[in-house]
Structure formats: C-alpha cells, structure tokens
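# Here is my input, please return the structure:
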Amino acid sequence: MQRARSVSEARQRTECGETQFSELSGLLAQLYRVWLGVALALLTLGLILDLLGDGSMETATVPLSELPLQLLEGNPAAVESIALLCATLGPVTGLLMILAYCARRGDRRTTLLVVILLVVVAVLPIARTIGSTR
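Next up, the predicted model:
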C-alpha cells in the first residue's frame, strides 16, 4: 500500500497537473500581452513612418534576407515586417515557455510533446524551401 502511494505521489510530482497548467496559463497570457503590445507598437511606428514619408502605405513586406539592411536604412516597410514577424513568432515563444516550465517541473511527457511540435514547426519551412528550389 505504501509503495503504491509513493509511486502515485512521484507521478504527480513529475507531471504538470491542473494547478501547474493554470499557473502556466497565467504566465502565457502575460507573455502574449507584452509580445502583442510590442508587435502593435512596431506596426504603428512603421505605419506612421510610412505615411509621413510619402503619404502612402507600402503593400509588400521586406524579405528576411534584406531586413537588417533595410532597418538600418530606416525603411518603414522593414519596421512593419519586423512587427509581423514578431506577431508570427509569438506562438513559438509560448511553446518555448511551456517547454521550460514543464521541463523544470520534470513533466517529460508534455516536454516531449512540445519538443516534437517545435521540431515540426522548424522543419516545415526548411522542407518547403528545399522543395521549392528543385
């Protein structure tokens, strides 16, 4: 009886339960609030710079390979592109937070699921890039 209880207690310590996920949910909500606030601020800045420059909005984003140079040149479309990139990477940042949170608590199952999801998210663009060059 004592052994069964200790195994059950060990399992509870190594898996994130409702309480831990509730705490994690609050942390993720704070992260997303800040993350989207930064994206909105960058998008607003880019829009203002765009409208002040020539009075019209740019209709295309800046390619990732040209982004640093375009930012240094003060291209408003580059600021807008960074804002969109920031908003797009928010969920990946959330997954990294879940990974750290669950790994620190010893929840191997959730940690493994997040790692698999992150690998898929990383591999898909690479596979599409390789596939489009053929």
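# residues contacting Leu85?
Residues near Leu85 by Cβ atoms under 8 Å, 6 or more residues apart in numbering: Leu64. Quick note: C-beta positions are derived from backbone N, CA and C, even for glycine.
# residues making contact with stretch 33-40?
Contact partners of stretch 33-40, identified using Cβ under 8 Å, 6+ apart, comprise Ala83, Leu84, Cys86, Ala87, Gly90, Thr93.
# between those, which has the most around it?
Of the contacts of stretch 33-40, Ala83 is surrounded by the most neighbours, 21 neighbours in total, counting by other Cβ atoms under 10 Å.
# roughly how far is the helix or strand that contains that residue from the heart of the chain?
Element membership for Ala83 (DSSP states H and E) is helix 76-88. Distance of helix 76-88 from the chain centroid (Cα atoms, centre = their mean, to the nearest Å) equals 14 Å.
# With distance to Thr19 and pLDDT as extra columns, can I get the contacts of stretch 33-40 in TSV?
Shown next, in TSV, are those (distance: Cβ to Cβ, whole Å; pLDDT from 0 to 100):
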residue	distance to Thr19	pLDDT
Ala83	36	92
Leu84	36	90
Cys86	31	89
Ala87	30	88
Gly90	25	87
Thr93	23	90
